[in-house]
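In: the following comprises the amino acid sequence and a computationally predicted model.
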Amino acid sequence: LWVSHLKMMLSIQSVQGQCVPCRSRRSTPAAFSGHKAVASTTRRTSALQSAPVPQQKRRVIACTSEFDVDNEPVVRDDSLGPRDDDVLPADLGDALREAALATSEAIQRGASRTQVELLLTEFWDPVSGPIFPNRGDQERFWRMTRRFIEQLAAATGAKNVNAVYPDSGVAAMLSYQWKKAAQEEAAAAGQEQEQEQGGGEAAAAGPLPFRITSLNDRLPVSPEDDLVVVACPDPFVAEECMRLVRQVGEQDEKEGREERPVVLFNPRLSSGDVGLGLNARRLRENFTKNFVVTYSLRPIADVGSVFRRYPGMWKVFLEEEGLPGRYKLIAERPARPAGEMLDYLIQQATQPEAALGPDGKPQAPSLLSQVGTVLNSLQYFMRSLSK
């Protein structure tokens, strides 16, 4: 019994020590635009992962990621001329830049409560929220929030920017890492300056362009903040997030000034992993309805994405056959298409002949299709309860 128990523990440790492959990743990237560099890279990576390569090489391949803000920008393929999917971002850096510009435009037009949704399938699960299956994913995820905050601060011209993270542990870790990296960059720049000028004082370490706080702090916001960005609030800190927004409004009312902008970046205030009552769900839904979605990129499985850039309409894209990495626009709506409406739009685009009879006229749905519609409605209802 002792020997069998020891073998089991060793097998568990060997499994835990391996880099988890991208089983939670979809074959991507319905998130990004049809630019062949992104699509071909994903297909090559998928092919390499499925090939019988040695374990060490498999580990390296599984840990690489194209969704990194520090990667080289993807060159757009404009050989097909102007297309509807040109509005989709070419890469992660392009998406963050457009999100910052769209949010800045909304703030300038008077929207004080805005929301950005950049849900990448590598880092996001519709039910569980942020996932980090591979080594370095968490670092890339938080670096994405930093790039957005920096670009938003530059676009709005805000001087006192407050980046609020979900908990004090994340805030302390990021503050230490990013300040240390800024000091190292300043020291490297000072050495280069000394070599070029033959002496002189080294450059001082430049501070971060924003201060870092957490939703667990007693006073996460102050009246001196010009712009508040709440990065990735989850269901466990939903109450703190709503309280922070109320505090900003109370401070502005007390000072007798206009409401300062508050931006939610990738919020997930409800989840299937956290049990919530009906009243709590309605309270959180009503809270998020007060926020204008300035930029949204939400993948539809592996086949497309729902996209919006303020002040434009909501657009639904599906992958176009025969053109790898390109997408066709199938619908535009003033409100977010979701649930049954989204399923209907996809069905109409993929099976347009299903709703027509032999004579080309619309036909009444059969009994079997009616039963299928009822079952789909029940499934959608159950999914909505689990969110």
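Out: It's in.

In: and residue 80, how many residues sit next to it?
Out: Using other CB atoms under 10 Å, residue 80 is surrounded by 11 other residues. Where you see a C-beta, it was placed from the backbone N, CA and C, and this is true even at glycine.

In: help me confirm that it is found in a helix?
Out: No. Read with DSSP: H, G, I helix; E, B strand; the rest coil, residue 80 is coil and lies in no helix.

In: was I right to think it contacts residue 328?
Out: No. Residue 80 lies out of contact with residue 328 (CB atoms under 8 Å); the separation is 11.8 Å.

In: what about residue 108, how many residues nearby?
Out: By the criterion of other CB under 10 Å, residue 108 has 12 neighbours.

In: tell me how far the residue nearest to it when sequence neighbours are not counted lies from residue 84.
Out: Nearest residue to residue 108, sequence neighbours excluded (CB to CB, 6 or more residues apart in numbering): residue 156, at 7.9 Å. From residue 156 over to residue 84 the distance is 29 Å, taken as CB to CB, to the nearest Å.

In: more crowded one of those two?
Out: With neighbours defined as other CB under 10 Å, residue 156 and residue 84 compare such that residue 156 has more, 19 against 14.

In: please give me every residue in contact with that one.
Out: By CB atoms under 8 Å, 6 or more residues apart in numbering, the contact list for residue 156 reads 104, 107, 108, 227, 261.

In: repeat the analysis, applying 7 Å as the threshold.
Out: 104, 107, 227 (CB atoms under 7 Å, 6 or more residues apart in numbering).

In: swap in residue 170?
Out: With the criterion set at CB under 7 Å, 6+ apart, residue 170 makes contact with residue 214.

In: surely it is in a strand?
Out: No. Counting by three-state DSSP, residue 170 is not part of a strand but helix.

In: strands - which of the contacts of residue 156 land there?
Out: Using DSSP state E, the members of the contacts of residue 156 that fall within strands are residue 227.

In: which of the contacts of residue 156 lies at the shortest distance from residue 164?
Out: Taking CB to CB as the measure, residue 164 lies nearest residue 227 of the contacts of residue 156, at 10.9 Å.

In: number of residues surrounding the closest one?
Out: 23.

In: same question for residue 223.
Out: For residue 223, using other CB under 10 Å, the count is 13.

In: what's the closest non-adjacent residue to it?
Out: What sits nearest to residue 223 in space, not counting adjacent residues and going by CB to CB, 6+ apart, is residue 251, at 5.0 Å.

In: may I have the helix or strand containing the one you found as PDB, with CA atoms only?
Out: Counting by DSSP states H and E, the element that carries residue 251 is helix 238-255. Only the C-alpha atoms of helix 238-255 are listed here, as PDB (Å, rounded to 0.1, in the frame of the first residue of the first chain):
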ATOM      1  CA  ALA A 238     -17.800  43.100  -7.300                       C
ATOM      2  CA  GLU A 239     -19.100  44.800  -4.200                       C
ATOM      3  CA  GLU A 240     -15.800  46.700  -3.700                       C
ATOM      4  CA  CYS A 241     -15.900  47.700  -7.400                       C
ATOM      5  CA  MET A 242     -19.400  49.100  -7.100                       C
ATOM      6  CA  ARG A 243     -18.500  50.900  -3.900                       C
ATOM      7  CA  LEU A 244     -15.400  52.500  -5.600                       C
ATOM      8  CA  VAL A 245     -17.600  53.900  -8.300                       C
ATOM      9  CA  ARG A 246     -19.900  55.300  -5.700                       C
ATOM     10  CA  GLN A 247     -17.000  56.900  -3.800                       C
ATOM     11  CA  VAL A 248     -15.800  58.600  -7.000                       C
ATOM     12  CA  GLY A 249     -19.300  60.000  -7.500                       C
ATOM     13  CA  GLU A 250     -19.600  61.200  -3.900                       C
ATOM     14  CA  GLN A 251     -16.200  62.900  -4.100                       C
ATOM     15  CA  ASP A 252     -17.100  64.700  -7.200                       C
ATOM     16  CA  GLU A 253     -20.500  65.800  -5.700                       C
ATOM     17  CA  LYS A 254     -18.700  67.000  -2.600                       C
ATOM     18  CA  GLU A 255     -16.200  69.000  -4.700                       C
END
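
In: tell me the mean pLDDT over it?
Out: Averaging pLDDT along helix 238-255 gives 94.

In: ok, stretch 312-331 next?
Out: The average pLDDT within stretch 312-331 is 91.

In: what's the first-to-last distance across that stretch?
Out: Criterion CA to CA, to the nearest Å; first-to-last residue distance in stretch 312-331 is 13 Å.

In: show me which positions of it end up buried.
Out: Of all the residues in stretch 312-331, those buried under the rule 16 or more other CB atoms under 10 Å are 314-320, 325-331.
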